[in-house]
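Chemist: With the sequence up front, the predicted model follows.
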Amino acid sequence: MEHRAQLHDVEAAAHSGASPQQLDEALADGQAWVVGDWQEAALEGYALVAKLPFDAELQAIGVLPARQGQGIGQRLLNEAVAVAKRWQAERLLLEVRAGNQRAIALYRQAGFEEDGCRKGYYPAANGATGREDALLMSLKLD
Ligand SMILES: CC(C)(COP(=O)(O)OP(=O)(O)OC[C@H]1O[C@@H](n2cnc3c(N)ncnc32)[C@H](O)[C@@H]1OP(=O)(O)O)[C@@H](O)C(=O)NCCC(=O)NCCS
């Protein structure tokens, strides 16, 4: 299967928050970078990193549900950090749903710190009513 189609499939399964259009633009644009984790020829996870004037932003990270909890997310995050360092970014920034404990644990373990919170930033998950806060996190790069 074509790489682009695989990327869309992994995103649809992992629900990591990137739209198909955002992924296509990233593939076409030198200002953003997609790192992938492959098992043989099958894509199992990806991370999307975008270049900002001084910093870089982790815009999405997702692993196929059946392959979560096996270290792939950690590996992808390390690669995303390496990309940001290559760009000489000062920090790698991200936003995450305040209730996404799994992702927050992954980011904390990698050294990310919490910078703040955006109240009611996301629509509630799983079609529930109300809004969910966004946690703002960053990793200082040297
Ligand atoms: C968040 C995500 C990318 C993590 O990827 P992963 O491959 O499952 O993560 P890893 O196996 O590398 O685990 C890294 C750390 O995450 C945490 N973690 C992983 N699985 C977990 C679980 N079942 N319960 C709680 N924490 C868990 C742990 O801190 C773990 O470190 P440890 O194994 O040393 O304790 C993945 O769960 C995912 O795709 N989630 C859906 C999309 C999403 O929420 N993306 C982030 C928002 S953009």
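Modeler: Nice, I can see it.
Chemist: May I ask you to confirm that residue 7 is in contact with residue 44?
Modeler: No: taking Cβ atoms under 8 Å as the definition, residue 7 is not a contact partner of residue 44, at 11.3 Å. Placement of C-beta: from N, CA and C, glycine included.
Chemist: what residues are shared contacts of those two?
Modeler: In terms of Cβ atoms under 8 Å, 6 or more residues apart in numbering, residue 7 and residue 44 are not both contacted by any residue.
Chemist: who's in contact with residue 15?
Modeler: residue 62.
Chemist: Who are the contact partners of the residue of the chain found nearest the ligand?
Modeler: Scanning the chain for proximity to the ligand using Cβ to the nearest ligand atom identifies residue 73 as nearest, at 2.1 Å. Applying Cβ under 8 Å, 6+ apart to residue 73 gives the contacts 45, 61, 63, 103, 106.
Chemist: Make sure the second one is indeed in a helix.
Modeler: No: according to DSSP: H, G, I helix; E, B strand; the rest coil, residue 61 belongs to no helix; its state is strand.
Chemist: which residues does it contact?
Modeler: Contacts of residue 61 (Cβ under 8 Å, 6+ apart): 16, 45, 46, 47, 48, 73, 76, 77, 80, 103.
Chemist: partner residues bridging it?
Modeler: Taking DSSP bridges as the rule, residue 61 bridges to residue 47.
Chemist: SS state for the residue of the chain closest to the ligand?
Modeler: helix.
Chemist: any idea how far it lies from residue 104?
Modeler: 12 Å (Cβ to Cβ, to the nearest Å).
Chemist: what does residue 124 give?
Modeler: Residue 124 sits 17 Å away from residue 104, taking Cβ to Cβ as the criterion.
Chemist: Name every strand pairing with the helix or strand bottoming out on mean pLDDT in the chain and say which way it goes.
Modeler: In the chain, no helix or strand scores lower on mean pLDDT, DSSP states H and E than strand 32-39, which sits at a mean of 85. With DSSP bridges as the test, strand 32-39 is paired with strand 42-51 (antiparallel).
Chemist: quick one: average pLDDT of the strand it pairs with?
Modeler: For strand 42-51, mean pLDDT is 94.
Chemist: And for it, what's in contact with it?
Modeler: Contacts for strand 42-51 (Cβ under 8 Å, 6+ apart): 3, 6-7, 9-11, 14, 18, 22-23, 26, 31-38, 56-64, 67, 72-73, 76-77, 79-80, 83-84, 87, 89, 92.
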